[in-house]
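> Next input, structure requested:
(chains A and B, ligands or ions: 2)
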Protein chains: 2
Amino acid sequence: MTFFNHIKRLKTINLHPAHILVLGFLVLIFIGTCLFMIPAATKDRHHLSLIDALFEATSAVCVTGLAVVDTGTTFTLFGQIILLALIQLGGWGFMTSGILMFIILGKKIGLKQRLLLQESLNTFSLQGIIRLLQRVIIITLIVEALGAIALAIRWSQEMSWGQALYYGIFHSISAFNNAGFGLEADSLSKWVGDPTINIVITSLFILGGIGFFVVADIFEKRNLRKVSLHTKITLSFTLVINIVSTLIIFGLEYDNPGTLGSLGTTDKWWAAYFQGVVPRTAGFNSIDISQMTLSSQVYIMGLMFIGAGSGSVAGGIKVTTFALLLLALWSVVTNKEDINIFKRRVPKTLVFRALSIAVSGVIFIFLIFFLLTITEKGAEMSKILFETVSAFGTVGMSAGLTMELSPMGRILITVMMFIGRVGPLTMAFALAIHANNKAKIRYAEEKILIG
Amino acid sequence: MTFFNHIKRLKTINLHPAHILVLGFLVLIFIGTCLFMIPAATKDRHHLSLIDALFEATSAVCVTGLAVVDTGTTFTLFGQIILLALIQLGGWGFMTSGILMFIILGKKIGLKQRLLLQESLNTFSLQGIIRLLQRVIIITLIVEALGAIALAIRWSQEMSWGQALYYGIFHSISAFNNAGFGLEADSLSKWVGDPTINIVITSLFILGGIGFFVVADIFEKRNLRKVSLHTKITLSFTLVINIVSTLIIFGLEYDNPGTLGSLGTTDKWWAAYFQGVVPRTAGFNSIDISQMTLSSQVYIMGLMFIGAGSGSVAGGIKVTTFALLLLALWSVVTNKEDINIFKRRVPKTLVFRALSIAVSGVIFIFLIFFLLTITEKGAEMSKILFETVSAFGTVGMSAGLTMELSPMGRILITVMMFIGRVGPLTMAFALAIHANNKAKIRYAEEKILIG
Ligand SMILES: [K+]
Ligand SMILES: [K+]
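Numbers count the residues shown, from 1 in each chain, chains lettered A, B, ... in the order given. Ligands and ions are numbered 1, 2, ... in the order given. Okay, the predicted model is just below:
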């Protein structure tokens, strides 16, 4: 069997971390797909087809949250627990989970495992990787527990304690891992103006989306002036983008009868805040996205493309990549040699990589989007593009098309979610790495005209 | 007056070529706008508003071809000749025209003028600039004359010799400069299957869109193996893109009753060829674009974004920039140090610039598109995006929205046409160059996590 051959090869061939990362996610998705197809996972008459099970498993592992079936009414408790497990394992990243297995099995962690973990967590040095991993797990469990308790207390006001606790745990895990899966068909729309739900859910996904490195960095330094450049850029850009987005959504939707129009002023602000902050990767919604103005939808697509923090559960190009793009363009237009921010210089190679990530992201989105216009004849362009970018950013917000997708369309969105989670450049790297077998000849340099 | 102050300053301040280039186009557009507002330029009751005159002048100078009025029925012969003059001056580029003035006035051409000309033509060295300029003018006039004669002979079969000659001259100038303005409301749809019209018009705009440098290079070397790397990349990518595009349009529109469905097989191929080749900057159409499938429209948007040859009349990011993007991504995914093509190595700085051009192009398109969704409430997203990308690529194909644009929307598309012609990076450069006044401090380098 191919699958076991791959596993066997893992031990014998010196695979590149990018390959192992991709393979790891694939294995997890494969297992999830099989589990979702067990009859006990779904309620009567809701048996999932292979394509739908694959879609749901990919969406869970890639913490996207797009769904072709309604989570609450389709899955049994068993199915929902599988979903949560896939979300948590996907959130930690396969490599983190893999090392966890090594620790549990009492094996020594060698250089190769550390290297894999480094690729998975996208952090700097091998030193302290294990400490970081321990922190990842401890922080995750503490934050999720606190979130679950807070949500359960709030929900106990309107449901039984048992159900409230389960709702709390489900939404806390889903929010902290930025999965965006909910138990209600209209996500969190029932609690659009509820302060507790708004504050707890957004705190969870902002914390989860900012990246483990940033959280650990702040914990360690306990002084915002001493934190690393990465933390400073992530925090400042996250803050500015969130404030600007809240204001823009508030302005664009203020008198839209389908969204904010019918709400009181305080509820308007809660909804604008929630919808402004959520698109960079979390994927819940407290108002009907398909009813939003085209302008808001286009703006949200921009946010989904950017995504949240690097080394987090987020998809998209990541907020630091976006920051580097703006800084790079600024340095080009002002004719400056260096790319400076917060009195530090950013290496040129990083900027080159940032530009490559953005361009490869645009190319992947264009390709999948173009193919979807062929498979989804008659669908509106705005809906197709919205779901494509949502999948790329592993956001999971939907303008309504996902449930109606054709089988080929479901496969295309599945592929896009996977690319979004693995990262466009890593994906391209994993696809093309074998081509590098030629002898090294260095050719003469020649300029061409561009632009 | 500000205008004259600017002219005065030109002589005293050491302006950057990017500023003079932008200013040059602005002056030409200003003159065109004034001329279009003269009553004699338009037929009875068709007097243009300031915004419409500005739109038409910008569209002509930037050789875009988007039109808020029907050229044939709105403009008098006088108005149409102004339009042609603006197209030709815009096509040569303001700097070329400026140097022309210097020659005509018998002035010596100094280093500064040569530098301006270099920026305008986007070529390599100062040597041979004047020879290149002479060639530009001679080639333009010869090719346009040949085109006009061929078209006039064909059109004399169905109209008077006088009208046929005028049609020939108008369409020849419009095609060679890739302006895309026509004299019929439905562009060239009447001659969708006509071999002469198809061959002559496409030859003219491909020749004009490939860039003067390539034409001069081939003329000089007379051997495709000896031409420069720039010429090789431009020719090979143009050929491949044109063949692929013809096949894709043919496949996507084959049974669409609104476009190719009702045509015979030969006519289908002519129409697919024309519509596949035209979008990278020329902007004519021989079938109704608004009737094309969404897939074709999306594909065409991709072509319009790419544009044609560098140093030509084309907008967009240019075909060599696109080639470098693909090569850069290929080098990243295959982990290669060098970026090689045709046994030559491309300098890293060029690749960096190419990535910057693409990213700044995407950002400009996103901004204008987002603003248009606010000003054009109720319009379909696909139409808004199509016109935005068409303006960016100075293509001028329309999915039908331009004629219905609100005044604010007309101004936004005018701005986009201008950015597309000047180039997104030059535009950003011209806007931001004054910011570079700080003392040079070199900060310590620090890495961050991206992607
Ligand atoms: K998500
Ligand atoms: K054009």
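
> quick one: secondary structure of the residue sitting nearest the centre point of chain A?
By CA atoms, centre = their mean, chain A has its centre lying nearest to A:A314, at 3.0 Å. Assigned with DSSP: H, G, I helix; E, B strand; the rest coil, A:A314 falls in the coil class.

> Now do it, the pLDDT please.
Looking at A:A314, its pLDDT is 79.

> likewise A:I368?
Looking at A:I368, its pLDDT reads 95.

> Please apply the same query to A:N340.
80.

> so what's it bridging to?
A:R345 (DSSP bridges).

> Which residues are in contact with whichever residue of the stretch 1-150 of chain A sits closest to ligand 1?
The nearest approach of the stretch 1-150 of chain A to ligand 1 comes at A:G65, 4.0 Å away (CB to the ion). All C-beta spots, glycine's among them, are computed from the backbone N, C-alpha and C. If you count contacts by CB atoms under 8 Å, 6 or more residues apart in numbering or on different chains, A:G65 has them with A:S59, A:S174, A:A179, A:G180, A:F181, A:A282, A:G283, A:F284, A:T394, A:V395, A:G396, A:M397.

> in a helix, that's where it is, yeah?
No - secondary structure of A:G65 (three-state DSSP): coil, not part of a helix.

> Per-residue pLDDT of it, please?
Note on A:G65: pLDDT of 84.

> Check A:V395 too.
89.

> Looks like it contacts A:I306 (just checking).
No - using CB atoms under 8 Å as the test, A:V395 is too far from A:I306 to be in contact (10.4 Å).

> one step back: most neighbours among the contacts of A:G65, please name it.
A:V395 (36 neighbours; other CB atoms under 10 Å in any protein chain shown).

> Report the distance from the helix or strand hosting A:L247 to the chain centre.
Using DSSP states H and E, the element containing A:L247 is helix A:229-253. Distance of helix A:229-253 from the chain centroid (CA atoms, centre = their mean, to the nearest Å) equals 17 Å.

> how about the residue nearest to the centre of chain A, what does it touch?
Applying CB under 8 Å, 6+ apart to A:A314 gives the contacts A:N178, A:G209, A:G211, A:R280, A:T281, A:G307, A:A308, A:G393, A:T394.

> Just to check, the last one is in contact with A:K318?
No - checked against CB under 8 Å, the pair A:T394 and A:K318 is beyond contact range at 11.3 Å.

> Name the residues contacting each of the two.
Jointly contacting A:T394 and A:K318 under the rule CB under 8 Å, 6+ apart are A:G307.

> Would the helix holding A:L247 count as contacting chain B?
Yes - for helix A:229-253, a contact with chain B is found by CB under 8 Å from any CB of the partner chain, at A:L229, A:H230, A:I233, A:L252.

> That helix packs against which elements?
helix A:212-221, helix A:265-277, helix A:294-306, helix A:319-333 (3 or more CB pairs under 8 Å, 6 or more residues apart in numbering or on different chains; DSSP states H and E).

> still on that earlier bit, next, show the common contact partners of A:V395 and A:I306.
By CB under 8 Å, 6+ apart, A:V395 and A:I306 have these common neighbours: A:R280, A:G316.

> so what's the residue in the stretch 201-350 of chain A positioned nearest to ligand 2 up against?
Nearest residue of the stretch 201-350 of chain A to ligand 2 (CB to the ion) works out as A:V298 at 25.4 Å. Applying CB under 8 Å, 6+ apart to A:V298 gives the contacts A:S382, B:F366, B:F369, B:F370, B:T373, B:M381.

> Put the buried members of those into a PyMOL selection.
The following PyMOL line selects those of the contacts of A:V298 that are buried, judged by 16 or more other CB atoms under 10 Å in any protein chain shown:
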select buried, (chain A and resi 382) or (chain B and resi 366+369+370+373+381)
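
> so of the contacts of A:V298, which ones are in helices?
A:S382, B:F366, B:F369, B:F370, B:T373, B:M381 (DSSP state H).

> ranking the residues of helix A:229-253 next to chain B by neighbours, who comes first?
Within those, most neighbours by other CB under 10 Å means A:I233, with 26 neighbours.

> before we move on, back to that, determine the angle, from 0 to 180 degrees, between the helix holding A:L247 and helix A:294-306.
Computed with axes from the mean of the first three to the mean of the last three CA atoms, to 10 degrees, the direction of helix A:229-253 lies at 170 degrees from that of helix A:294-306.

> tell me the average confidence for helix A:229-253?
For helix A:229-253, the per-residue pLDDT averages 91.

> Can you tell me how far A:V244 is from B:T140?
For A:V244, the distance to B:T140 (CB to CB, to the nearest Å) stands at 48 Å.

> out of those two, which sits in the more crowded spot?
Set A:V244 next to B:T140 and count neighbours by other CB under 10 Å: B:T140 wins out with 21 against 13.

> Quickly find the element holding that one.
Element membership of B:T140, judged by DSSP H and E, is helix B:129-155.
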